[in-house]
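Trainee: Predicted coordinates and the sequence they were generated for:
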Amino acid sequence: MMKKTILCATVTATLSLFAIGFTESTYAEQKTNAQYYQFDDEGNLLRPMNYREWIFAGTGTTPKSVHPDVLFPDFQNIYIDPYSYQVWKETGAFPDGTIVVKEVIKLGKTDSPVGKGFWQGDYISLSAEIKSKSRFPDTHGNWNFFNWTNRAEEKLNDKASALGARCSGCHVENAPEGGVFYNHFAVLRDAKGFGKGAPENLNTRKGLQK
């Protein structure tokens, strides 16, 4: 009887831990988004590792064939750290420490087995914006911008200094709240202040028509 009781208790505890691990909010366990980025002693932002394992916010497509003077041709893959995404989803605000990474990618081949279109090719740049009140108290919304692209040596640098006004103007004038262009990416737009759960699990979508 004792062995049976111990076995039942063990199974119950295991199932409870399993349930907790798959139902509780990820960011509640992580406690911070600082694990996704690091600055050196001189204030340079180190290039983040494994950012493609973060939340993929989507791709902006701005081909030169449509607009020859476009600022960032031709694809912009956007990633946001998982902690900040969860806070954004539950509160509708980006927390201090939010980091958003952008890959800019050239237009590749225009046809594929599924037809003609815009397909991703080689890389142009890797950059990021980060929100930090302690580091950037005087910037709009405490956001600043970084770029690790080193075209002269055809590589990515390991660290980057803040770009400040070189990038902030466009965001301040055009992005909602002067920070992230979340209005252009369905993942971030749908998640804003959604609360508990996930918007992608709903059976409704704005724009669906008969």
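Mentor: Received the coordinates, thanks. Numbering: from 1, shown residues only.
Trainee: For the lengthiest strand in the chain, which helices and strands make contact with it?
Mentor: Secondary structure of the chain per DSSP state E: the longest strand is strand 120-131. In terms of contacts (3 or more C-beta pairs under 8 Å, 6 or more residues apart in numbering; DSSP states H and E), strand 120-131 is packed against strand 99-107, strand 143-147, strand 149-150. Where you see a C-beta, it was placed from the backbone N, CA and C, and this is true even at glycine.
Trainee: run the last query once more with 7 Å
Mentor: Applying 3 or more C-beta pairs under 7 Å, 6 or more residues apart in numbering; DSSP states H and E, we find strand 120-131 packed against strand 99-107, strand 143-147.
Trainee: Listing partners with orientation, what would you give for the last one?
Mentor: Which is strand 143-147. Taking DSSP bridges as the criterion, strand 143-147 sits next to strand 120-131 (antiparallel) in its sheet.
Trainee: by how many degrees do the strand it pairs with and strand 99-107 diverge?
Mentor: Interaxial angle of strand 120-131 relative to strand 99-107 (axes from the mean of the first three to the mean of the last three C-alpha atoms, to 10 degrees): 160 degrees.
Trainee: how about strand 120-131 as PDB, C-alpha atoms only?
Mentor: Extracted in PDB, the C-alpha atoms of strand 120-131 (Å, rounded to 0.1, in the frame of the first residue of the first chain):
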ATOM      1  CA  GLN A 120      14.700  36.400 -50.200                       C
ATOM      2  CA  GLY A 121      18.400  36.400 -51.400                       C
ATOM      3  CA  ASP A 122      21.600  37.600 -49.900                       C
ATOM      4  CA  TYR A 123      22.000  39.800 -46.800                       C
ATOM      5  CA  ILE A 124      22.300  43.600 -46.600                       C
ATOM      6  CA  SER A 125      22.500  44.400 -42.900                       C
ATOM      7  CA  LEU A 126      21.700  43.400 -39.300                       C
ATOM      8  CA  SER A 127      20.600  46.100 -36.800                       C
ATOM      9  CA  ALA A 128      18.500  46.500 -33.700                       C
ATOM     10  CA  GLU A 129      16.600  49.000 -31.500                       C
ATOM     11  CA  ILE A 130      16.600  48.700 -27.800                       C
ATOM     12  CA  LYS A 131      14.600  50.500 -25.100                       C
END
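Trainee: Go ahead and name everything in contact with it.
Mentor: 37, 45, 75, 94, 96-108, 141-149, 156 (C-beta atoms under 7 Å, 6 or more residues apart in numbering).
Trainee: This completes my enquiry, with thanks.
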